[in-house]
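# Provided below are the primary sequence and the corresponding predicted coordinates.
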Amino acid sequence: MEISETVRQNLIAAQRNEITEHNIYVRIAASLPKAENRRVLESIAADELRHYNGWKKYTHQEVRPNWFIVWFYVSIARVLGFTFGVKLMEQGEESAQINYAEIAKTIPEAAKVHDEEEEHEEQLLEMLDEERLRYAGSVVLGLNDALVELTGALAGLTLALQNVELIALSGLITGIAASLSMAASEYLSTSSEKTDKNPILAALYTGAAYVMTVSLLILPYLLLKNEYLALGISLTIAVSIIAVFNYYISVAKGENFKRRFFEMAGLSLSVALFSFIIGYFIRMWLGVEI
């Protein structure tokens, strides 16, 4: 079949995309301990290779994968989890400039093959089962409680005490005690539910998320001498944590980023503002000067 140069270039781009993703899926699958997850990714990898060979029948050309892209997504999957890695890659593929409509004018089955591939991959990716995502609710509990409680406590303590050492000390004591309390509560809550989650792991995820958040929020008070600057940086860190975590969840679990982000950020900052005001009035009422 004679094809135009424009169609040929689109097919070569499609080939490169398919063979690149084939290599990514193969490498991620090889690192997974769970057989069912390996089977899902190996199945997608086989589809990618089949599509690559299908396009090659028209171009009569071998195309090398983009090895940088392979390395990038495999590294992301190993650090942040394979579900996040492959779903982030699929989002990148959606924005890739491959004009399948143009290809379909010459090769009608191209559009159908592409649509079937998208549908099949989406179905397979929904079958992935990753421990860290099963415990995402526990992490959300630890993060959200730490962000709301500590931003509020730090804002109130900043105006009430006006001393970075005392604020840091009070914040650490409050945070550590609260993290142990939250971990214990999550353990009891998970134990009482009929779920496949391990209560000990759920408690560890909640406690770890809480301690990590507390450490980051207290850090400015340990490094700076100005309590108001420390509070500003602490609130900025809080918003950054909310943004990063919600982006991760929105990609890995297909949830709405903006809604989750503004909900958590609005709640944390509102509590901080309210606590700041309360701290001022309590200080005035008690007449405390430090």
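Thanks, I have it.

# specify the local secondary structure of residue 197.
The assignment at residue 197 comes out as coil when based on DSSP: H, G, I helix; E, B strand; the rest coil.

# is it true that it touches residue 135?
Yes - between residue 197 and residue 135 there is a contact at 6.5 Å, judged by Cβ atoms under 8 Å. The way it works is simple: take the backbone N, C-alpha and C, and place the C-beta from them, glycine included.

# which of the two has more residues huddled nearby?
Higher neighbour count among residue 197 and residue 135: residue 135, with 21 against 17, using other Cβ atoms under 10 Å.

# what strand or helix carries the nearest residue to residue 66 once chain neighbours are set aside?
The shortest distance from residue 66 to any non-neighbouring residue, by Cβ to Cβ, 6 or more residues apart in numbering, is to residue 20 (4.8 Å). Following DSSP states H and E, one finds residue 20 within helix 5-30.

# what separates that helix from the chain centre, distance-wise?
How far helix 5-30 lies from its chain's middle: 25 Å, per Cα atoms, centre = their mean, to the nearest Å.

# counting contacts, what elements does that helix pack onto?
Applying 3 or more Cβ pairs under 8 Å, 6 or more residues apart in numbering; DSSP states H and E, we find helix 5-30 packed against helix 35-59, helix 67-80, helix 82-94, helix 100-106.

# output the last one as CSV - backbone C-alpha positions only.
The one in question is helix 100-106. Extracted in CSV, the C-alpha atoms of helix 100-106 (Å, rounded to 0.1, in the frame of the first residue of the first chain):
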residue,chain,number,x,y,z
TYR,A,100,-4.5,8.7,14.4
ALA,A,101,-7.3,10.4,12.5
GLU,A,102,-4.8,11.2,9.7
ILE,A,103,-3.6,7.6,9.7
ALA,A,104,-7.2,6.3,9.5
LYS,A,105,-7.8,8.2,6.2
THR,A,106,-5.3,5.8,4.6
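
# and that helix, average pLDDT?
When pLDDT is averaged over helix 100-106, the result is 72.

# got the contact list for it?
With contacts defined as Cβ atoms under 8 Å, 6 or more residues apart in numbering, helix 100-106 is touched by 1, 3, 4, 6, 7, 10, 11, 14, 110, 111, 114.

# from residue 235, how far out is the residue sitting nearest the centre point of the chain?
The centroid of the chain falls nearest to residue 248 when counting by Cα atoms, centre = their mean (1.1 Å). When distance is defined by Cβ to Cβ, to the nearest Å, residue 248 is 21 Å away from residue 235.

# if we can go back for a sec, state the distance from the residue nearest to residue 66 to residue 13.
Noted for residue 20: a distance of 11 Å to residue 13, by Cβ to Cβ.

# more neighbours, these two?
Between residue 20 and residue 13, counted using other Cβ under 10 Å, the more crowded position is residue 20 (23 against 17).

# how about the contacts made by the more buried one?
Shown in contact with residue 20 (Cβ under 8 Å, 6+ apart): 65, 66, 69, 70.

# who wins for neighbours among those residues?
Result: residue 70 is most packed of those (other Cβ under 10 Å), 20 neighbours.

# what is the burial count for the closest residue to it other than its chain neighbours?
Closest residue in space to residue 70, ignoring its immediate chain neighbours: residue 23 at 4.8 Å, by Cβ to Cβ, 6+ apart. For residue 23, the neighbour count with other Cβ under 10 Å is 21.
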